[in-house]
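Asks: Mind looking at a prediction? Sequence and model below.
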There are 2 protein chains.
Amino acid sequence: MPVLVMKFGGTSVATLDRIRRAAKRVGVEVAKGHDVIVIVSAMAGETNKLVGYVDETSPLYDAREYDAVVSSGENVTAGLMALTLQEMDVPARSWQGWQVPVQTTSAHANARIEAIPTDNITRKFAEGMRVAVVAGFQGVSPEGRITTLGRGGSDTTAVAFAAAFGAVRCDIYTDVDGVYTTDPRICDKARKLDRIAFEEMLELASLGAKVLQTRSVELAMRYNVKLRVLSSFEEMDDAAGTLVVPEEDIVESNVVAGVAHSRDEAKMTLVSVADRPGIAAAIFGPLADAGVTVDMIVQNISEEGRTDMTFSCPVGQVARAEKAMEEAKARGEINFHDIIADTHVAKVSVVGIGMRSAAGVAAQMFRVLAQEGINIQVITTSEIKISVLIERKYMELAVQALHDAFELEKAG
Amino acid sequence: MPVLVMKFGGTSVATLDRIRRAAKRVGVEVAKGHDVIVIVSAMAGETNKLVGYVDETSPLYDAREYDAVVSSGENVTAGLMALTLQEMDVPARSWQGWQVPVQTTSAHANARIEAIPTDNITRKFAEGMRVAVVAGFQGVSPEGRITTLGRGGSDTTAVAFAAAFGAVRCDIYTDVDGVYTTDPRICDKARKLDRIAFEEMLELASLGAKVLQTRSVELAMRYNVKLRVLSSFEEMDDAAGTLVVPEEDIVESNVVAGVAHSRDEAKMTLVSVADRPGIAAAIFGPLADAGVTVDMIVQNISEEGRTDMTFSCPVGQVARAEKAMEEAKARGEINFHDIIADTHVAKVSVVGIGMRSAAGVAAQMFRVLAQEGINIQVITTSEIKISVLIERKYMELAVQALHDAFELEKAG
């Protein structure tokens, strides 16, 4: 029978009632003739509680023990989901990560899945079991210790199982009903997309539209797993949600698929840097060593051997970036007059695979922002994305204006 | 280094503070030169919460899934205890049942430990680890599924580890500071015993003095594991608690070690049973089949081919016992005029290995009760125990009078 993977996030299994509701959806898919692998998260709040215990016990904790503790929430949900399905007369059993086993690296708290042997579960399917409920987010290291995959890891578990079992689809049930052209809280014309390309989803995920974890989308793209994002709180409907698919499955589309935004940006400027070959390496090497995630970079034209170097990074990393720069200066590796941090900025991006073949998207974007009187501070572009850093107070205005200009309220 | 097993029950690890307190005691034993195996229960309330989830999800649950769910509480405590010890610079790591592995039967929710391989933990001790923290109450079946040992199973885990590792002692930390000559809530002269024999502890445990789980005492007796019961809430003191030891280690003692009581008793009487050879088997066979735990039995003298048969069982089994008897009557296997259940009874027992060599204990017990005007309804005796069923309202009086009569407030 065709295998379907269904993943339920923490809010979708937050109570016994919600677990029952999720189990009903599983039952519908079983009735349609699927063998189903259900990946479950911990009941909402449980993982945070356990992480809190660990943090309070040991601020610099042993990640192996952290994993042993925080993985337990998923085990509870897996057992309860199996029991709920059995109550509905659906043959089901639970698997913990080590039982499959979900083989991972030893990078505790942030492990990567290396292999998922399918023989145990496949044999059970052959014996008449219809649903394998698997605790998400966890695996087992070569040393036989429990590992976890990091935040959002259950999405990755789901996609990895879909890849390993050649699933017809991987349905990610969450508390939003799909991927939108932009944040509906900012722009009331935001439209739910029926389909989106992996590449677009990746750009949107990394830009803060946290519907799917980036790593899970990468994995889905690599193994060509058809992903669907849908809400566990809406009525069941086959056309529900958003399909995340390979580019070639998107028959026709808008040039721009969506407008993303991020408030979590700071702009750092090194004023009057002594310009010389290798200066970029001298700046960004120490920043990388300090764990600063530099996003956009712009270098002014050099005048009289000096230049201004501007980059953006997450707001929470500003102090670390400043420290790294001052230390590099003290070591004589770089020379600058001043370092200025501006945390009143935001990033707005337009994303779309159609931009590959359509010219003039950047020009149109800049024109729209200019018409609204919004000054662009930094620009970066990729094949399918244009991002600008602007003053934060204009963020909502920029999103709305771009959504209108690219007519995203209309289906492509 | 000598191995010491320390077991902390749910109330002893109910909060992070209490886990720290328990860890300090472990640290003291490590400093004394012990390699320590710590067995932990779930934080108080956690297991009940999980059992509640299972009961609500599926009243006739699959015991395999029950075990997968309810075992998770111990995993959390084990990780937190290991982290707490590491914070105190004590080299420690946690083990879940399947990691040791604690090999059990497949009798889910009530499994028995079959084997505990010592090589993994012994190797870690040799490498410098000082504390192995093991999640109690759980193991793994031959099929690779998680099992639990039933209520109080962590005591059994502790004793089994002590036996497997040839531990110098198995310390059971709980919320009482030892075994008393009787229930201090009933008799204010109750005295904590420094030592008690396994056999006495077994009789007291099965009589409702729930300090240690019966199975763990049996196991300790079989493998000659020196057990100590002590409070994790009192100051540390080597002389603390009660040692449960082989009979030969009790140098001198009172004839009677303690007075036990149980309210959870019902007296059932089959009135005017047709008496014939095999009638006892005809009555108690169906009761055993119905899962009724018959304790005391008394048969009156037969008159004109009829007799009254009286037995006691837990209060909660009365309905089941009545049903089993009516059905046996309907099948024509037994014949009686009436069945009477009396739930206003209590059992009072005196226990002591000294009774083996001392005559007259029973006579003295009956005399004391008679002096207080307490009528004895049923009597049973064993080598080291005399139990009587009396009207429940006299229970406290009987306990106090017997405690006085056998001078239990004085050390033997």
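Replies: Noted; the coordinates are in hand.

Asks: how much space between the closest residue to residue A:379 other than its chain neighbours and residue A:349?
Replies: Sequence neighbours aside, residue A:388 is the residue nearest to residue A:379 in space, at 5.4 Å (criterion: Cβ to Cβ, 6 or more residues apart in numbering or on different chains). From N, CA and C alone the C-beta is placed, and that goes for glycine too. Distance of residue A:388 to residue A:349, given as Cβ to Cβ, to the nearest Å: 8 Å.

Asks: next one: residue A:319
Replies: Distance from residue A:319 to residue A:349, by Cβ to Cβ: 26 Å.

Asks: More neighbours: which of these two?
Replies: Neighbour totals were compared for residue A:319 and residue A:349, and residue A:349 leads with 26 against 10 (other Cβ atoms under 10 Å in any protein chain shown).

Asks: Next, the more buried one: secondary structure please.
Replies: strand (DSSP: H, G, I helix; E, B strand; the rest coil).

Asks: Can you name the residues bridging to it?
Replies: Applying DSSP bridges to residue A:349 gives these bridge partners: residue A:260, residue A:387.

Asks: Is residue A:74 located within a helix, as I assumed?
Replies: Yes: applying three-state DSSP, one finds residue A:74 inside a helix.

Asks: Next, count neighbours for it.
Replies: Neighbour number of residue A:74 under other Cβ under 10 Å is 31.

Asks: so who does it touch?
Replies: Residues in contact with residue A:74, defined by Cβ atoms under 8 Å, 6 or more residues apart in numbering or on different chains, are A:40-42, A:96, A:135-138, A:154.

Asks: so which of these are also by chain B?
Replies: Among these, the residues within reach of chain B (Cβ under 8 Å from any Cβ of the partner chain) are residue A:96.

Asks: quick one: which of the contacts of residue A:74 is nearest chain B?
Replies: Looking at those and their distance to chain B, the nearest is residue A:96, at 6.9 Å (Cβ to the nearest Cβ).

Asks: In contact with the closest one: list those residues for me.
Replies: Listed by Cβ under 8 Å, 6+ apart, the contact partners of residue A:96 are A:74-75, A:78, A:135, A:138, B:68, B:146.

Asks: Let's see that with 6 Å instead.
Replies: With contact set as Cβ atoms under 6 Å, 6 or more residues apart in numbering or on different chains, residue A:96 has these partners: A:75, A:135.

Asks: For the stretch 301-412 of chain A, which segments count as strands?
Replies: Using DSSP state E, counting those that start in this stretch, the strands found in the stretch 301-412 of chain A span residues A:306-313, A:338-351, A:378-382, A:385-391.

Asks: deepest of those, which one?
Replies: Of all these, strand A:385-391 has the most neighbours on average by mean count of other Cβ atoms under 10 Å in any protein chain shown, namely a mean of 22.

Asks: Contacts for it, please.
Replies: Residues outside strand A:385-391 that contact it (Cβ under 6 Å, 6+ apart) are A:203, A:267, A:312, A:345, A:347-351, A:362, A:365, A:374, A:376-380, A:398.

Asks: So which residues on chain A come close to chain B?
Replies: Applying Cβ under 6 Å from any Cβ of the partner chain, one finds that chain A approaches chain B through A:16, A:53, A:56-58, A:61-62, A:65, A:68-69, A:72, A:75-76, A:79-80, A:82-84, A:86-87, A:94.

Asks: PyMOL command to pick out the buried ones of the residues you listed?
Replies: The PyMOL command for the buried members of the residues of chain A next to chain B (criterion: 16 or more other Cβ atoms under 10 Å in any protein chain shown) is given here:
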select buried, chain A and resi 16+53+57+58+61+62+65+68+69+72+75+76+79+80+82+83+84+86+87+94
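
Asks: and the residues of chain A next to chain B, which of them are in helices?
Replies: A:16, A:53, A:56-57, A:65, A:68-69, A:72, A:75-76, A:79-80, A:82-84, A:86-87 (DSSP state H).

Asks: Which members of the contacts of residue A:74 occur in strands, if any?
Replies: In strands, defined here by DSSP state E, the members of the contacts of residue A:74 are A:40, A:135, A:138.

Asks: hang on, isn't the first one packed against residue A:79?
Replies: No: if you go by Cβ atoms under 6 Å, residue A:40 and residue A:79 don't touch, sitting 9.6 Å apart.

Asks: Enumerate the positions of the helix or strand hosting residue A:271 that are buried.
Replies: Assigning secondary structure by DSSP states H and E places residue A:271 in strand A:258-274. If you call a residue buried by 16+ other Cβ under 10 Å, then strand A:258-274 has these buried ones: A:258-262, A:265-270, A:272-273.

Asks: Just flag the most distant two among those residues.
Replies: Farthest pair in these (Cβ to Cβ) is A:258 and A:272. Separation: 38.6 Å.

Asks: ok, now how distant is the residue nearest to residue A:379 from chain B?
Replies: When distance is defined by Cβ to the nearest Cβ, to the nearest Å, residue A:388 is 45 Å away from chain B.
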